[in-house]
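Trainee: Can you look at this prediction? I've put the sequence above it.
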2 protein chains.
Amino acid sequence: MKDIVLQRLKEDTSRYISGEVLSEMLGVSRTAIWKYINELKKDGYEIESSSKKGYKLISASDIINATEIGYNLGTRILAKKIEYFGVIDSTNNYAKQAAAEGCGDGTVIVAESQTSGRGRLGRAWDSAGKKGIWLSVVLRPSIAPEDIHLITLAASVAVVKAVKQATGIETGIKWPNDVVLGGKKVCGILTEMSSEMERVNFLVLGIGINVNHETEDFPEGLRDTAVSLASYADKNLDGAVCKTPFNRAYIIRTLLEELEKIYIKINEGSTEEIVEEWKKYSVTLGNEVRVTIKNNQYTGIARDITEDGKLIVSCSDGITREVISGEIMVRGILGYV
Amino acid sequence: MKDIVLQRLKEDTSRYISGEVLSEMLGVSRTAIWKYINELKKDGYEIESSSKKGYKLISASDIINATEIGYNLGTRILAKKIEYFGVIDSTNNYAKQAAAEGCGDGTVIVAESQTSGRGRLGRAWDSAGKKGIWLSVVLRPSIAPEDIHLITLAASVAVVKAVKQATGIETGIKWPNDVVLGGKKVCGILTEMSSEMERVNFLVLGIGINVNHETEDFPEGLRDTAVSLASYADKNLDGAVCKTPFNRAYIIRTLLEELEKIYIKINEGSTEEIVEEWKKYSVTLGNEVRVTIKNNQYTGIARDITEDGKLIVSCSDGITREVISGEIMVRGILGYV
């Protein structure tokens, strides 16, 4: 019923529909209509109410609730359940809790803003409202804990492909899974896992994408290292290539579809393709990097990644090292001078 | 106050102390005494109550609540908090929840019996009452997720050393961390972890030891593969070496002390010693094993373990493989025919 009210409002956003008309159309009381309108507001829709004229939908273009994301979504495994929050502490925290309580494979948690969004290694991640995509996906992959790195690589590949498809913008991947644009970070991925030694209980893939931020939307300290898709496009791309602001629900749909393709491959064990694609988008391979391994710093050239996702670095001390995690800086990208 | 009541009861377990005497000694009402007695019963103490004669402690020798475990416990990091349950679904589940909610490093959960105790790979683990040790320890080690295997090896070393010290019985370790005795399993360890790609949020070490079971206490299907310390000692060892039944609180204390020593080494990065000790107790090295790697089965000889805890197997097809997890069978031990 709420969806029908929404459809009516969407049909003509140029003028008001009175509560009376709506209540006659749907055969319910005006109080019921008022309730549906309030629920829609809670779902993120901006609706102008006037006691004389009725209701009018202000902006439906950039809503990312379950209905909007689910509309025409072409996934079979992911997003069978989508939970939307106006504000949440952290979509990853909520997703971990939901996963521990047994939620289904592919459950999606999405929020307009996070009060304590986190990046890797516990770093704060700025996730203010209505400009970005902050979502977490609960996965229950049938892989061993030691292969989990592949999923974090795979997620970055899915983001690059989805962003290209939905906006036309070509991004790159900084090992292991930062998505970068013009030398700045446009997307971060935080993978968390609950596992036994020999099997994964669940995995939470937290994806944060800066979409429609203006440069001024970023805290001053971040402006040199963070960028949004729209601000990059406005400065660097022809308006004919891509029109800003971007429709976030469309990017999310595309992302979930790309993620699902890759997730299926991972569960089937076809991981070579993921590694190959990751290499294609990499901004790390061939470049000078600084890596920190067990508190020791090395400089070297990133040569390749192994089939299970470790970075191979020819260090300047002559030794070739495989890096599985920890910090890596790529010269010229994200602060390596 | 409850502890004073307990002390009085312990001082003479041959006769009753009346509620009146206790209430005068402590300067509280008889109702208060009655309440303390009930709390002590809940803590696992068997107390005979007689309205005429008063209270008498039946059995204090085999209680494993926080007071008994904490008594003279020589740890600084582990067991600052001990939670005791008469019955629980699974100490690991409870510990994971407590850890997610932020409980301290070294928190110990111990139970008299578990209704859904689990072994590795989701297998049921028989943990009926008052015969075994079922406990979980929450750890927050400062190591990378890929080094977590060392902790699971280390835990088995701690069990072997503690069992030797507390009971005199020499056990062995089947890779990665089953503790075996006379070719049967006497202790299983289930390590669960919550992690990001680059750091461990927390780790739960679940340890189950069969202590005072008679053969008949095991379900029929398990009698060929499971054994308890006491039933082994009764059949194979001189009563002078060790007296059964064993005091479980003493074994737990010794175990926590051994675990702490090893935990400190791990946090300091001194892991070579752990690997060396593991090798010393291993029943796997040098023996024929059957390993399953990504659905393929291989037979071979277990040669060594790597410094980060992988098993090195010279397989019969001429290839030497490193096994990090998954199933392994050692000829003659636990069902490998």
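Mentor: Perfect, I can see it now.
Trainee: For the rest of this, base every contact and every neighbour count on C-alpha atoms.
Mentor: Will do.
Trainee: show me where chain A has helices.
Mentor: A:2-11, A:19-26, A:30-42, A:66-70, A:91-100, A:148-167, A:229-236, A:248-268, A:272-281 (DSSP state H).
Trainee: of all those helices, which lies closest to chain B?
Mentor: helix A:148-167 (7.2 Å; Cα to the nearest Cα).
Trainee: Please identify the most buried of the helices of chain A.
Mentor: Across the helices of chain A, averaging neighbours per residue (mean count of other Cα atoms under 10 Å in any protein chain shown) puts helix A:148-167 on top, at a mean of 23.
Trainee: Could you find the closest non-adjacent residue to A:Glu39?
Mentor: Excluding its sequence neighbours, the residue lying closest to A:Glu39 (Cα to Cα, 6 or more residues apart in numbering or on different chains) is A:Lys2, at 7.8 Å.
Trainee: Over to A:Ile252?
Mentor: A:Ile69 (6.9 Å).
Trainee: Quick one: mean pLDDT over the top strand by length along chain A.
Mentor: For chain A, the longest strand by residue count, based on DSSP state E, is strand A:184-196. Mean pLDDT, computed over strand A:184-196, is 92.
Trainee: For it, name the packing helices and strands.
Mentor: Strand A:184-196 sits against helix A:148-167, strand A:178-181, strand A:200-210, strand B:184-196, with contacts defined as 3 or more Cα pairs under 8 Å, 6 or more residues apart in numbering or on different chains; DSSP states H and E.
Trainee: So what touches the shortest one?
Mentor: The set of residues that contact strand A:178-181 without belonging to it, under Cα atoms under 8 Å, 6 or more residues apart in numbering or on different chains, is A:156, A:159-160, A:170-174, A:185-189, A:227, A:232.
Trainee: Just the closest of those residues to chain B, please.
Mentor: Nearest to chain B, judged by Cα to the nearest Cα, of those is A:Ile189 at 10.3 Å.
Trainee: In contact with the closest one, which residues?
Mentor: Counting by Cα under 8 Å, 6+ apart, A:Ile189 touches A:119-120, A:152, A:155-156, A:177-178, A:205-208.
Trainee: quick one: least confident of those residues?
Mentor: Within those, lowest confidence goes to A:Arg120 (59).
Trainee: picking up where we left off before, out of the helices of chain A, which is closest to B:Glu20?
Mentor: helix A:91-100 (50.3 Å; Cα to Cα).
Trainee: I'd like to check the angle between the closest one and strand B:184-196, please.
Mentor: Per axes from the mean of the first three to the mean of the last three Cα atoms, to 10 degrees, the angle that helix A:91-100 makes with strand B:184-196 is 150 degrees.
Trainee: At the geometric centre of chain A, which residue do we find?
Mentor: A:Ile207 (3.6 Å; Cα atoms, centre = their mean).
Trainee: what's the distance between that one and A:Glu192?
Mentor: 11 Å (Cα to Cα, to the nearest Å).
Trainee: Next: A:Thr13.
Mentor: Remark: distance between A:Thr13 and A:Glu192 (Cα to Cα) = 42 Å.
Trainee: Those two: who's more crowded?
Mentor: Between A:Thr13 and A:Glu192, A:Glu192 has the larger neighbour count (other Cα atoms under 10 Å in any protein chain shown), namely 27 against 16.
Trainee: give the contact list for that one.
Mentor: For A:Glu192, the contact set (Cα under 8 Å, 6+ apart) comprises A:92, A:203-206, B:194-197.
Trainee: Next one: A:Ala144, what pLDDT does it get?
Mentor: With respect to pLDDT, A:Ala144 has a value of 80.
Trainee: again, but for A:Ala128
Mentor: So A:Ala128 comes in at 63 (pLDDT).
Trainee: now swap in A:Trp125 and tell me
Mentor: 63.
Trainee: and what of A:Tyr36?
Mentor: pLDDT for A:Tyr36: 92.
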